[in-house]
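Undergrad: structure of the sequence below:
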Amino acid sequence: MNKNTFTTVKLAKGEMNVYDFGSVKLHAYKTNDFIDDEVFIVEKNKKAVIIESPCFFDNISELTEYLKDMEVEGMLVAYHGAGATFLPDVPKYATQNAVDFSKNGGGKALIDNFTGAFGEIFDPSVHKITNVIEAGNVTIGGIDFVIKQTDDAFDVEIPEINAVYTHMMGHDCHSIVAGAGHADAMIAELNSYIEKGYDLILTSHYTPEDLKDAQTKIEYLENLKKIASGVQNADEFKAEVDKQYPQYSGQNYLDMTAGFFFA
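TA: Now for the predicted structure:
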């Protein structure tokens, strides 16, 4: 499946890009919110499983309306635990570390920050997980998923469409990189995607990407380490990264990365 082979449904705020795999459809919801969230719906036989949740109230209303003709069987809540007014009665699936991430860990810190930044348009309530799952295979709504636990939460492989979901990639935007060791871990993960030959890589903050994009991201991460080793402080680091990647979005993520490399 080519990442650009989709049909687009324009919505009032966001848009839905629909990939047709025959028996399975992937609906990629581009929220157009302040943090560029993406939400994914895997549909089979009119039944749907949602990966992640919108967290702004207008997106919650918009996506709820879009889903009215589907029977939502469950929601996988990994890195984005906020937005619990979205489909409150649908079963919610997560690993225990993802639960902890949203309730007490880094996810909670992000929710608190976003609440302060965006105020009443942001839904800070955290989804209540009804089904705690382990790494490995899980079937929801007749659709098979493979859960891979990560340090913060979990990634999701979708074998029927040869796709994988992870938190962040973005081949032409900055990412949160918590130092050289974290960069190496990200590189190893991206290399594993290339080795497995996924058709699509889905992330929380970018439209679906492919293996060429994964290679581009690997080169970016290698270069970040090189740049960090040749400068003295965070300001010099950011200036050099901006010089070499002037068209990249996600300046706030670069600020955080600089803070990690030069704590």
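Undergrad: and residue 159, how far is that from residue 80?
TA: 23 Å (C-beta to C-beta, to the nearest Å). Heads up, the C-betas are built off the backbone N, CA and C, glycines and all.
Undergrad: when these two are compared, which one has more neighbours?
TA: residue 80 (25 against 12; other C-beta atoms under 10 Å).
Undergrad: OK, contacts around the more buried one?
TA: 37, 52, 53, 55, 107, 204 (C-beta atoms under 8 Å, 6 or more residues apart in numbering).
Undergrad: okay, now the unreliable bits of the protein?
TA: 1 (pLDDT under 70).
Undergrad: what segments of the stretch 101-250 of the chain are helices?
TA: Using DSSP state H, counting those that start in this stretch, the helices found in the stretch 101-250 of the chain span residues 106-118, 180-196, 211-229, 234-244.
Undergrad: could I get these in JSON lines, plus columns for mean neighbour count and distance to residue 88?
TA: Shown next, in JSON lines, are those (neighbours: other C-beta atoms under 10 Å; distance: least, C-beta to C-beta, whole Å):
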{"stretch": "helix 106-118", "mean neighbour count": "15", "distance to residue 88": "17"}
{"stretch": "helix 180-196", "mean neighbour count": "16", "distance to residue 88": "33"}
{"stretch": "helix 211-229", "mean neighbour count": "17", "distance to residue 88": "35"}
{"stretch": "helix 234-244", "mean neighbour count": "16", "distance to residue 88": "41"}
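Undergrad: so for the residue nearest to the spatial centre of the chain, what's the nearest residue that isn't a sequence neighbour?
TA: The chain has residue 204 as the residue nearest its centroid, 1.9 Å off, counting by C-alpha atoms, centre = their mean. In this structure, residue 204 finds its nearest non-sequential neighbour in residue 167, 5.3 Å apart by C-beta to C-beta, 6 or more residues apart in numbering.
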